[in-house]
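In: generate coordinates for the sequence data below:
(one chain, ligands or ions: 1)
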Amino acid sequence: MKVATKGLEDVIVADSEICYIDGEKGILSYRGYPIEQLGDNATFEEVIYLLWHGKLPNRAELDAFNKELASVRELPKPVLDLITSAPPEAHPMDVLRTAVSALAFYDPEVEVPSREANLRKAARLVAQTPTIIAAFNRSRNELPIVEPMKDKSLAENFLYMLAGQEMMPVLTRVLDVCLVLHADHDLNASTFAARVAVSTLADIYCGVTAAIGTLKGPLHGGANTRVMEMLIEIGELEKVEDYIHNLLDKKGRVMGVGHRVYKTMDPRARILKQYSKWMSEHGCGPLWYSMLTKIEEMMHNEKGLDPNVDFYSASVYYCMGVPLDLYTALFAMSRMAGWTAHILEQLSDNRLIRPITDYKGPLNKRFVPIDNR
Ligand code: COA
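Out: Predicted coordinates:
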């Protein structure tokens, strides 16, 4: 007899060659490369190429890829107008979802299903996502929009478009590492949404629009903003203990902690913890890092739960000066690489994704005319 697996936990729905996770041991790799090695050595652009093509680019391939990405960063004028006409209080993820969806109107290849065309569309999506996020942040703050640069990395260009000036190289590198760490994570909820959408042979824009909507939720990518909101609300290291106990007593959830797949510390959190510490020692002050490590210790000891990717990334983004409500959009900026890699993989051997429910309701009821109900 078939039984429902709530939340599809541990259900395998596809073969994949993109991302490997061992949740018991806390291992993550992209295309066979451990995340620690990629975090230490790779640029985000190399990782995007790796996810899409299954191999690291050589120098000539990377140069050509960087050029391609830099050449497609600008947004179609109507999409920029759409972004600047969004209400300033709109959630950046809603603006991103709507703008990405609207990009389809202006893409002449939207209905071209070949892998080559999908790779070009994926490049446009990865390149234009930072432009959308930065443009909305400038517009809602009544600042002039900053045009993308044609010769810098995605991370450097994004920080430049956001701030209106070039940032310290060390901050660019920190953002680049964050982008590498968030780029893919197997069949998480948003990636699954993307694969479901394109399994109907709907276009790539449908897939990534579904994914952005799915990432927004606080049980998924929305957790990073909530982590920082929690730290600000607590305000002092001495208040951490009472706050967390109070929250747990009320059966509340500590954001940035726990994971469906990891039964130990998320390896990305381990890396981000080092960056959070480094930022605390280089200008940001010790408060956020010390609060986070205290919460980590409490949650580990009292609940057997460990930090996930959203825990320490929150303080890293905060120390970089990124507005709180942009954190999830930064996650999307990176995950666009993974979503599109999975879309390409899904389409390379497609079968409609169509599970079933275990129906528990009544059967054979008689229809009652409206006046007799
Ligand atoms: N805070 C407090 N308790 C938590 C918790 C958290 N962050 N995460 C899980 N738990 C507890 C649950 O309350 C539950 O306890 P119970 O069995 O006593 O009811 C148990 O751990 C299992 O939780 P469950 O929700 O079934 O696990 P899941 O696999 O569905 O949850 C998450 C995974 C990520 C949704 C969950 O850990 C969570 O909500 N984390 C906070 C949000 C977050 O950081 N999301 C980003 C993920 S990358």
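In: can you name every helix or strand that the helix or strand hosting residue 196 contacts?
Out: Using DSSP states H and E, the element containing residue 196 is helix 189-199. For helix 189-199, the packing partners by 3 or more Cβ pairs under 8 Å, 6 or more residues apart in numbering; DSSP states H and E come out as helix 204-215, helix 327-348. C-beta coordinates here come from the backbone N, C-alpha and C atoms, glycine included.
In: by contact count, what packs against the first one?
Out: Read that as helix 204-215. Against helix 204-215 (3+ Cβ pairs under 8 Å, 6+ apart) you get helix 92-103, helix 115-140, helix 189-199, helix 327-348.
In: residue numbers of the protein in contact with the ligand?
Out: Neighbours of the ligand within the chain, by Cβ under 6 Å from any ligand atom: 7, 219-220, 223, 253-260, 303, 305, 308-310.
In: closest residue of the stretch 101-250 of the chain to the ligand?
Out: Closest contact between the stretch 101-250 of the chain and the ligand, by Cβ to the nearest ligand atom, is at residue 223 (3.5 Å).
In: can you show me the strands along the stretch 1-150 of the chain?
Out: Counting by DSSP state E, counting those that start in this stretch, one finds strands in the stretch 1-150 of the chain at the ranges 19-22, 27-30, 33-34.
In: residue contacts, the nearest residue to residue 217 once chain neighbours are set aside?
Out: Closest residue to residue 217 apart from its sequence neighbours, by Cβ to Cβ, 6 or more residues apart in numbering: residue 189 at 7.6 Å. Residue 189 makes contact with 214, 215, 217, 219, 220, according to Cβ atoms under 8 Å, 6 or more residues apart in numbering.
In: buried subset of those residues as a PyMOL selection?
Out: Typed into PyMOL, the line below selects the buried ones among the contacts of residue 189, using 16 or more other Cβ atoms under 10 Å:
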select buried, resi 214+215+220
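In: give me the neighbour count for residue 88.
Out: The tally of other residues near residue 88 (other Cβ atoms under 10 Å) stands at 10.
In: run through this structure and note the low-pLDDT ranges.
Out: Low-confidence segments of the chain, defined by pLDDT under 70: 1.
In: and the helix holding residue 196 with helix 327-348, angle?
Out: In terms of direction (axes from the mean of the first three to the mean of the last three Cα atoms, to 10 degrees), helix 189-199 departs from helix 327-348 by 40 degrees.
In: use 669 as the first number from now on
Out: All set: I'll call the first residue 669, so the last point we hit is now helix 857-867.
In: residues contacting residue 826?
Out: Residue 826 is in contact with 798, 801, 802, 843, 1001, counting by Cβ under 8 Å, 6+ apart.
In: grab the nearest non-local neighbour of the residue of the stretch 869-1018 of the chain found nearest the ligand.
Out: Residue of the stretch 869-1018 of the chain nearest the ligand, by Cβ to the nearest ligand atom: residue 926 (2.3 Å). Once flanking residues are discounted, residue 926 sits nearest to residue 973: 4.5 Å by Cβ to Cβ, 6+ apart.
In: burial measure for the residue nearest to residue 859 when sequence neighbours are not counted, as a count.
Out: Spatial nearest neighbour of residue 859, excluding adjacent residues (Cβ to Cβ, 6+ apart): residue 1010 at 5.0 Å. Neighbours of residue 1010 under the rule other Cβ under 10 Å: 28.
In: same check, this time on the one 10 residues further on
Out: Here the neighbour count serves as a burial measure; for residue 1020 (other Cβ under 10 Å) it reads 8.
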